[in-house]
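Undergrad: need a structure here:
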Amino acid sequence: MSAMTEMMSASMAGMADMPGMAAMDMAAMQACIEACSACEQACVMCADVDMGEGMGKCASMCTMCADVCNTMMRMMMRPMGYDMAAMMAMLEATMAMCKACADECMMHADMSEHCTMCAQACMECMKACETMLMSMKSMAS
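TA: Sure, this is the predicted structure:
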């Protein structure tokens, strides 16, 4: 078990009396946090190169995506403040931003390896967020 998983499990254990929290899928949460972190890093690096190449729109999309991924990651790392509706909405927003960023990066993929890698990180983040969202929806029903 990773240190992050242990910390999250310990945090969640103290919230067993909060509806739905004890049943949180820790593996999905860890995967989502890691995917958000990887996407944030890829987007920051892609935006930096984009600026040097004069691709302003792509750089802007990557910067916004990095910000959204960072916010999503930080929200998941603060279990005491969980609100299921807000978390679900933020997961959906993260997925939408990752999709938009991946689409923009793919327009440059044939001439930009960094855009290809960024788009891949965005798609992986989307999948991890979707898995987490489905897990939360199944807990809510």
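Undergrad: now do the contacts for the residue lying closest to residue 55 once chain neighbours are set aside.
TA: Excluding the flanking residues, the one nearest residue 55 by CB to CB, 6 or more residues apart in numbering is residue 108, at 6.4 Å. C-beta here means a position set from N, CA and C on the backbone, and glycine is covered the same way. Residue 108 sits next to 55, 58, 115 when contact means CB atoms under 8 Å, 6 or more residues apart in numbering.
Undergrad: is it correct that the last one is in contact with residue 57?
TA: No. Using CB atoms under 8 Å as the test, residue 115 is too far from residue 57 to be in contact (11.7 Å).
Undergrad: how about JSON lines for the contacts of residue 108, with pLDDT and secondary structure added?
TA: Converted to JSON lines, the contacts of residue 108 look like this (pLDDT from 0 to 100; DSSP: H, G, I helix; E, B strand; the rest coil):
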{"residue": "55", "pLDDT": "94", "secondary structure": "coil"}
{"residue": "58", "pLDDT": "95", "secondary structure": "helix"}
{"residue": "115", "pLDDT": "96", "secondary structure": "helix"}
